[in-house]
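Novice: Following is a predicted model, sequence given first.
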Amino acid sequence: TNGGMTVAIDGPAAAGKGTVAKAVATHFGFAHLDTGLLYRAVAAKTLKGMDPEEAARTLAPVDLEDPSLRDPDVAQEASKVAVIPAVRAALVRFQRSFATRAGGAVLDGRDIGTVICPDAPVKLFITASPEVRAQRRFAELSGKGIEITYEIVLDDVKQRDMRDMSRDQAPLKPAADAKQIDTTEMAIEDAVAAAVALVEAKQAERG
Ligand code: CDP
Ligand code: CDP
């Protein structure tokens, strides 16, 4: 194991999970895995006609570098393939081995604290209002030159949240022992500082 320093970060779409995860990873020198990319990479393949289970089973590192993965239509499709138990099952082993790598790991997604790493010593559940999340994602996509409206982004966020929360397997919900952080009116630096403090407290506790 990595001495157990696994940081699990979950929450709804565009809550700031990835931003906090990256900053925490950089701060402590941990590796970072955006698990949403796995589902987006499967989706990119099913949109081209591949069977979802096969796409998940044959996923390769290079698939995570496809620049179209950030597109909102891929995100929608990702939340559809994420409902399929065989797709989720095919992705578990990779995520768990990443989580236990030497040197520490931060994973962000929907089910990290509940299903993938239920024993993670540090768990965060990051939220914000749907409107604020959509506004941030809209700004991010527009900045990348992707043509889209705020209304479409808000719709995407709400539809995915609904699908992610209501599925039978690994639904989006905070782990019982997760620290919840609402970033609706919080600067990203403050969310990062809160996360860093939690990891430091856990490290001190363990000596
Ligand atoms: O990973 P997740 O989808 O949860 O969110 P993200 O990609 O980290 O954040 C979505 C967008 O919101 C990014 O462009 C962040 O820079 C921005 N953001 C922000 O402006 N203020 C926050 N407190 C959190 C995120
Ligand atoms: O960046 P954003 O929060 O908008 O989405 P993402 O993290 O890239 O995840 C895309 C979709 O993949 C989500 O809407 C979920 O349906 C699914 N997902 C999941 O089911 N479990 C995870 N651990 C991560 C993502």
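Specialist: Alright, I've got the coordinates. Residues are numbered from 1 along each chain as shown. Ligands and ions are numbered 1, 2, ... in the order given.

Novice: Now for the residue sitting nearest the centre point of the chain: which residues touch it?
Specialist: Using C-alpha atoms, centre = their mean, the residue of the chain that lies closest to the mean C-alpha position is Gly109, 2.3 Å off. The neighbours of Gly109, taking C-beta atoms under 8 Å, 6 or more residues apart in numbering as the test, are 9-10, 17, 34-36, 116. The way it works is simple: take the backbone N, C-alpha and C, and place the C-beta from them, glycine included.

Novice: quick one: which of those is most hemmed in?
Specialist: Among the contacts of Gly109, Ile9 has the most neighbours (other C-beta atoms under 10 Å), with 30 neighbours.

Novice: and the gap between that one and Asp63?
Specialist: Distance of Ile9 to Asp63, computed by C-beta to C-beta, to the nearest Å: 22 Å.

Novice: and what of Lys80?
Specialist: Counting by C-beta to C-beta, the gap from Lys80 to Asp63 is 18 Å.

Novice: just checking, what packs against the longest helix along the chain?
Specialist: The residue-count maximum for a helix in the chain (DSSP state H) belongs to helix 188-206. When contacts are defined as 3 or more C-beta pairs under 8 Å, 6 or more residues apart in numbering; DSSP states H and E, helix 188-206 packs onto strand 6-10, helix 17-28, strand 122-127, strand 179-182.

Novice: redo that, cut-off 6 Å
Specialist: helix 17-28, strand 122-127 (3 or more C-beta pairs under 6 Å, 6 or more residues apart in numbering; DSSP states H and E).

Novice: and that helix with helix 17-28, angle?
Specialist: 50 degrees (axes from the mean of the first three to the mean of the last three C-alpha atoms, to 10 degrees).

Novice: pLDDT weak spots in the chain?
Specialist: 1-4 (pLDDT under 70).

Novice: Please list the residues of it that sit near ligand 2.
Specialist: Selection of the chain residues close to ligand 2 by C-beta under 6 Å from any ligand atom yields 13-14, 35-36, 39-40, 75, 78-79, 82, 109-111, 160, 164.
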